[in-house]
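**Q** Model the structure of this input:
(2 chains)
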Amino acid sequence: MTTPSGPPKPALKTSLPSAFAATNAQQPKPSYPELSQEQQEKYLSARPGATPHHLGVALQHAHQIQAQKDAEDLILDHILNLLEIPSSPTADPAAPSTEDAQAFKSVMAPFRPSDYDNLILERNYNQQCGYVLCPHQHRKEDAGTGSSFHFKWGAKGSGPGGRGRSMDIVSRDKIEKWCSDECAERALYIRVQLSEQPVWERRADDMRGKQIVLLEEARAKKQAKSAAPTSHSQARKDVADKMQELKIQDPERARELALERGDTSAALRDGRVDFQIRENQQGSRRPVTTPQRRPEDTTGGSIEGYVPKDRRDQRTADHEDEDVLDQI
Amino acid sequence: MDGDVPGHSADADREMTRLWRTWRTVYELLADRGYEVSDKELQISLDDFRETYSDPLGFPDRTKMKIQARPTESMKTKYTPLPNKSNPNPQPDCGTIYVDFCPDASGVGTKQVRAFNHLVDESNYHTGIFITQTPISPSAVRLLSGVPGRICEHFQEQDLLVNITRHELVPKHVLLSPEEKLRLLERYRLKESQLPRMQVSDPVARYLGLRRGQVVKIIRKSETAGRYASYRWVI
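**A** Here you go, the predicted model:
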């Protein structure tokens, strides 16, 4: 999701070569080596009928797959690094040190919720609480009865109708992920902020997952906000200003669109499809006239190429007559 | 037998027997892949196994359970790629295999896998097989497959309790050498992509340690033809 301050998205989307030529120029040099001229010729000579365009498309797809693999390796590296956090064994999960919090937040960007689950699992295997900034061990229930579920009682007066206690039945592995309920809340607060989309498919302006907020920070901010509410008229004026700024054929948005469509490869500089716009003038050249009567129309003509029998006989007879005449 | 090792609990006995079956399957697996394995190792009896690999309490001691095996000559020829212009003298792409049983009863994650990877890399083994009691975490799986230049595989003990290739419904799989593969493709005038396929994650492919691009011959019994051979390209 974009931040609310961003301009609204245009409904009609066209990606024109001119639009992404600018993006191509800005692209940083890729990490993988470019194919040498010799390699390209070797590839093309081994495949009769292949053009440099085919090679370009093949390379683009190969690079996409490589980028995916790189991203997955990066996430794995981050998971391994996050096992070392927090750096001090006495750290307080409610008030983590700034370095740890910063390190944690900065590497969360490429994570998906499933990757985050892997991280929690990995920490639990390492005898740590699932919340990254918590130094404690995770809970271990007595496995005595072999029950895989656990009753969880709420505070007094939290039951239905304000009487008794509320009760939850929670599976044991869910409880054993964390050291305490507070840590569970903190960790899951991070999880809902992550983007479901894999990092190689995300848009450049996708802010989801990039600005991770810890639960404590969010709470502090919320309190500050409720103390000083913003005026409604100001918000309305902001929207009006944004509407003024909207325009069609914005090069900025066109570049964004090219990026979104993946039209950024150098091989596809001219677009995926080579097209030229040509106006169709055929119809307007000749003035319209009423249809002329042709000779075969008197007998009814053919029906989709089929000429009825009696009519056909008549016609062949005519032809024979003509032939005779010609011969004479 | 109970006389010389008194006080063994039924639990210890059961675990020992299970592990013995896994152990035998591992040796059968090595033999089927073409590693040098002696008959004595292949047919180790439960008593011998218990004597060698149990701790004083009668429970299996997995830290003692490590196997190394060298490939036989016939396996080496099967794994030697065909010579070509740039590589006129190809070396076989196989080497010593190392099998390790993980002693941790639960929660096998990146820590243990990293240690295993390190060991395989340090001792210069070509292939490593990591056998655990429980499933390993997804990141550990990724880590295991990410050792450059080496092949690390993972099995769970319970997957190897029985040897699946000995089941009557599993046909015989025979790996073709590069030369046999070339002959097959020439005989039927095929490209390899025109063969039927089989996944690397297929249980039999995992058992035989097949790699992408290899071709296996599958021999089935047929009521009409006696034997029927089909081929699979591993992808």
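**Q** residues near the residue in the stretch 151-300 of chain A that chain B sits nearest to, how many?
**A** Among all residues of the stretch 151-300 of chain A, A:Glu176 sits closest to chain B, at 10.8 Å; criterion: CB to the nearest CB. Glycine gets a C-beta too; all of them are placed from N, C-alpha and C. A:Glu176 has 16 neighbouring residues, counting by other CB atoms under 10 Å in any protein chain shown.
**Q** Okay, now the unreliable bits of chain B?
**A** B:1-8 (pLDDT under 70).
**Q** Residue of it nearest chain A, please.
**A** For chain B, CB to the nearest CB, closest residue to chain A: B:Gly109, 3.4 Å.
**Q** excluding its backbone neighbours, what's nearest that residue?
**A** Among residues not flanking B:Gly109 along the chain, A:Tyr125 sits closest, at 3.4 Å (CB to CB, 6 or more residues apart in numbering or on different chains).
**Q** Could you double-check that the residue of chain B closest to chain A sits in contact with B:Pro135?
**A** No: contact criterion CB atoms under 8 Å: B:Gly109 and B:Pro135 do not qualify, at 10.7 Å.
**Q** quick one: which of the two has more around it?
**A** Ranked by neighbour count (other CB under 10 Å), B:Gly109 and B:Pro135 place B:Gly109 first, with 23 against 13.
**Q** All the helices of the chain, in order from the start?
**A** I'll assume chain A. Taking DSSP state H to define them, one finds helices in chain A at A:17-26, A:37-46, A:52-82, A:98-107, A:113-125, A:172-175, A:181-191, A:215-227, A:232-245, A:251-261, A:282-285, A:309-327.
**Q** meant chain B, my bad for not saying
**A** Going by DSSP H, chain B shows helices at B:10-33, B:39-42, B:46-53, B:73-78, B:110-122, B:138-145, B:178-187, B:203-208.
**Q** I'd like to know which of the ones you listed lies nearest to A:Asp310.
**A** Among the helices of chain B, the nearest to A:Asp310 by CB to CB is helix B:178-187 (63.6 Å).
**Q** mind listing what's buried in stretch B:191-208?
**A** B:192, B:195, B:198, B:202, B:204-208 (16 or more other CB atoms under 10 Å in any protein chain shown).
**Q** picking that back up, which one of the helices of chain A has the most crowded surroundings?
**A** Scoring those by mean neighbour count under mean count of other CB atoms under 10 Å in any protein chain shown gives helix A:113-125 as the most buried, with a mean of 20.
**Q** relative to helix B:110-122, how tilted is that helix?
**A** 90 degrees (axes from the mean of the first three to the mean of the last three CA atoms, to 10 degrees).
**Q** starting at the chain centroid, how far to stretch B:95-102?
**A** The chain centre lies 9 Å from the centre of stretch B:95-102; the measure is CA atoms, centre = their mean, to the nearest Å.
**Q** Is it in proximity to chain A?
**A** No: using CB under 8 Å from any CB of the partner chain, we find that stretch B:95-102 stays clear of chain A, coming within 12.1 Å at best.
**Q** Now that stretch: buried residues?
**A** Neighbour-count burial for stretch B:95-102 flags B:95, B:97-102 (criterion: 16+ other CB under 10 Å).
**Q** same thing with stretch B:23-33?
**A** B:23-33.
**Q** of all the residues you listed, which comes closest to B:Ala140?
**A** The closest of the buried residues of stretch B:23-33 to B:Ala140 turns out to be B:Val26 (CB to CB; 20.2 Å).
**Q** Thought B:Ile131 was touching the closest one, still the case?
**A** Yes: when contacts are counted by CB under 8 Å, B:Val26 is listed as touching B:Ile131 (7.2 Å).
**Q** what sits in contact with each of these two?
**A** B:99, B:160 (CB atoms under 8 Å, 6 or more residues apart in numbering or on different chains).
**Q** Report the backbone C-alpha coordinates of stretch B:135-152 in CSV.
**A** Once non-C-alpha atoms are left out, stretch B:135-152 reads as follows in CSV (Å, rounded to 0.1, in the frame of the first residue of the first chain):
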residue,chain,number,x,y,z
PRO,B,135,12.0,-32.2,10.2
ILE,B,136,14.5,-29.4,9.9
SER,B,137,13.5,-25.7,9.6
PRO,B,138,12.9,-24.2,6.1
SER,B,139,15.9,-21.9,6.4
ALA,B,140,18.1,-24.9,7.4
VAL,B,141,16.9,-26.6,4.2
ARG,B,142,18.0,-23.6,2.1
LEU,B,143,21.3,-23.5,3.9
LEU,B,144,21.9,-27.1,3.3
SER,B,145,21.4,-26.9,-0.4
GLY,B,146,23.5,-23.7,-0.7
VAL,B,147,27.0,-25.2,-0.3
PRO,B,148,28.9,-24.3,-3.5
GLY,B,149,30.6,-27.3,-5.2
ARG,B,150,29.2,-29.8,-2.7
ILE,B,151,26.0,-31.8,-2.5
CYS,B,152,24.3,-32.0,0.8
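**Q** That one vs chain A: in contact?
**A** Yes: using CB under 8 Å from any CB, we find that stretch B:135-152 touches chain A at B:137-140, B:142-143, B:146.
**Q** ok, now how distant is A:Arg293 from A:Lys237?
**A** Distance from A:Arg293 to A:Lys237, counting by CB to CB, to the nearest Å: 73 Å.
**Q** show me the contacts for the residue nearest to B:Gly109.
**A** B:107-111, B:137.
**Q** cutoff 7 Å now
**A** B:107-109, B:137 (CB atoms under 7 Å, 6 or more residues apart in numbering or on different chains).
**Q** How about B:Asn89?
**A** Neighbouring residues of B:Asn89 by CB under 7 Å, 6+ apart: B:Pro83.
**Q** Over to B:Gly209?
**A** Contact partners of B:Gly209, counting by CB under 7 Å, 6+ apart, are B:33, B:153.
**Q** care to break chain B down by domain?
**A** Domain segmentation of chain B under automatic domain parsing yields B:10-56+B:64-161, B:166-234.
**Q** Adding distance to A:Gln281, write those domains out as a markdown table.
**A** Output for those, formatted as a markdown table (distance: least, CB to CB, whole Å):
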| stretch | distance to A:Gln281 |
| --- | --- |
| domain B:10-56+B:64-161 | 58 |
| domain B:166-234 | 48 |
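**Q** Mean neighbour count, the ones you listed: which tops it?
**A** Of all these, domain B:10-56+B:64-161 has the most neighbours on average by mean count of other CB under 10 Å, namely a mean of 16.
**Q** roughly how far is it from the heart of the chain?
**A** Offset of domain B:10-56+B:64-161 from its chain centre (CA atoms, centre = their mean): 6 Å.
**Q** before we move on, back to that, quick one: which of the residues of stretch B:135-152 next to chain A is nearest to A:Ser106?
**A** Using CB to CB, B:Ser139 comes nearest to A:Ser106 of these, at 19.4 Å.
**Q** Which residues are in contact with the closest one?
**A** Listed by CB under 7 Å, 6+ apart, the contact set of B:Ser139 reads A:76, A:79, A:118, A:122, B:110.
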